[in-house]
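**Student:** everything below, folded, please.
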Amino acid sequence: MSPLTAEALPREEVRARPQSTLSWMQQFRLLFRLQYTDYRASLPFFLVFSILMPVGFLYAFGSNVTRPGADNGWFLAGNVVMSVCFGAASFAIARVAWLRIRHEMDYYGTLPVKRSAFLATVFCLGQISALPGMVSSLLVGSWQLGIPLQNTLAAVPLTLLAAASLTLVGAGVGGLARTQAEVNLYSNVLYLVVIFLSPVLAPVDRLPALMRATSYLFPTGQAAMAITDVLQGDYGPRFWMLLGLLCLWLLAAGVLVVKRLDWRN
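**Tutor:** Predicted structure coming up:
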C-alpha cells in the first residue's frame, strides 16, 4: 500500500474538518470579542480622529455658511461624509489589509466558523468606528448651522446607509493589499477621492464639470448630495436616484468583499 494513502496516515490527519456546534449568533459573538480585542488598541485614535476632524471643520469654516439664506446643508453633509470616510472606510481598509498581511486570516480560517459571521464582525466594527464622528457632526452642525432638528434626524438612516456602503467598499479595497506600501497607497487613495474627485465640502453645482461627474460616480459624492437633500427636506428625483446608487454600491461592495475575503481559498 502506498504511504500516501489515507490508511497510512494518522487518524488525526484524515478526519474531516470539525463542525461547530455553536449557532451563527454565538459564532458572531465569539469572533466579535476576538476582533474587538485587537480593535480596542486603536479605538482612541479612531474616536479622536473621527470626531475632531469634522467638528474642527465645522468650527473653522462654518462661519462662512451661516449667513442668512446661505445653502448650509451641503457643508454639514460634507462633514458627515468625511467623518464616515475617516472612520468606517479608513478602519475597514486598514483592518482587512493587516489581517491579510499578518496572516491572521489563516488563523480564522482554521476555526470551525462561518465566513458570514466573520465578515459581520468586521462590518460591525466599521460601523462602530463611524458612529462617533457621524453623531457629533450631525449634532454640532445642526445646532451651529441652524438646520431643523427633524431634518437632521431624517438624515440619520441615510447616513447609516452611506457608512455601510463605504465600510464594505473599504473592506474590498483593503482585501487587495499585500504589502504595507499598498496599505498606505490605498489609504491615500481614499483621501484623493474625498478631496479631489468628489469634494464633499463644496456644493456640486459649483464644481468643475469633471468633478461634478466623478461626484455622481463615487459613493462619497452620492452620499454627500443625498444627505444634503434630506437636510433641506428635498425628496425629489435626484434624491431617489442617489439613494438607488448607494444601494447598488452596497450590493457591489458586499459581493466584492465576500469574494476577496474567502480565507479558505
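
**Student:** and the residue lying closest to Ala226 once chain neighbours are set aside, how close does it get to Ala224?
**Tutor:** The spatial neighbour of Ala226 that comes closest, neighbours along the chain excluded (CB to CB, 6 or more residues apart in numbering), is Leu242 at 4.0 Å. Where you see a C-beta, it was placed from the backbone N, CA and C, and this is true even at glycine. Distance, Leu242 to Ala224, by CB to CB, to the nearest Å: 9 Å.

**Student:** those two: who's more crowded?
**Tutor:** Using other CB atoms under 10 Å, the more surrounded residue of Leu242 and Ala224 is Ala224, with 31 against 23.

**Student:** the more buried one is in what secondary structure piece?
**Tutor:** helix 219-231 (DSSP states H and E).

**Student:** tell me what the next helix or strand after that helix is packed against?
**Tutor:** Toward the C-terminus, helix 219-231 is succeeded by helix 237-260 as the next helix or strand (DSSP H and E). When contacts are defined as 3 or more CB pairs under 8 Å, 6 or more residues apart in numbering; DSSP states H and E, helix 237-260 packs onto helix 115-145, helix 149-174, helix 219-231.

**Student:** mind putting those helices in TSV, mean pLDDT included?
**Tutor:** What follows is the helices and strands packed on helix 237-260, written out as TSV (pLDDT from 0 to 100):
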stretch	mean pLDDT
helix 115-145	80
helix 149-174	81
helix 219-231	87
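
**Student:** including distance to Asn184, could these go into JSON lines?
**Tutor:** As requested, those are exported to JSON lines (distance: least, CB to CB, whole Å):
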{"stretch": "helix 115-145", "distance to Asn184": "19"}
{"stretch": "helix 149-174", "distance to Asn184": "12"}
{"stretch": "helix 219-231", "distance to Asn184": "20"}
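
**Student:** deepest in the core, which of these is it.
**Tutor:** helix 219-231 (a mean of 27; mean count of other CB atoms under 10 Å).

**Student:** that helix vs helix 149-174, what angle?
**Tutor:** Counting by axes from the mean of the first three to the mean of the last three CA atoms, to 10 degrees, helix 219-231 points 170 degrees away from the direction of helix 149-174.

**Student:** contact partners of helix 219-231?
**Tutor:** Helix 219-231 is contacted from outside by 73-74, 76-78, 80-81, 84-85, 147, 151-152, 154-155, 158-159, 162, 165-166, 169, 193-194, 197-198, 200, 204, 214-216, 235-236, 238-239, 242-243, 245-246, 249, using CB atoms under 8 Å, 6 or more residues apart in numbering.

**Student:** tell me the buried residues within those residues.
**Tutor:** Applying 16 or more other CB atoms under 10 Å to the contacts of helix 219-231, the neighbour count classes 73-74, 76-78, 80-81, 84-85, 147, 151-152, 155, 158-159, 162, 165-166, 169, 193-194, 197-198, 200, 204, 214-216, 239, 242-243, 245-246, 249 as buried.
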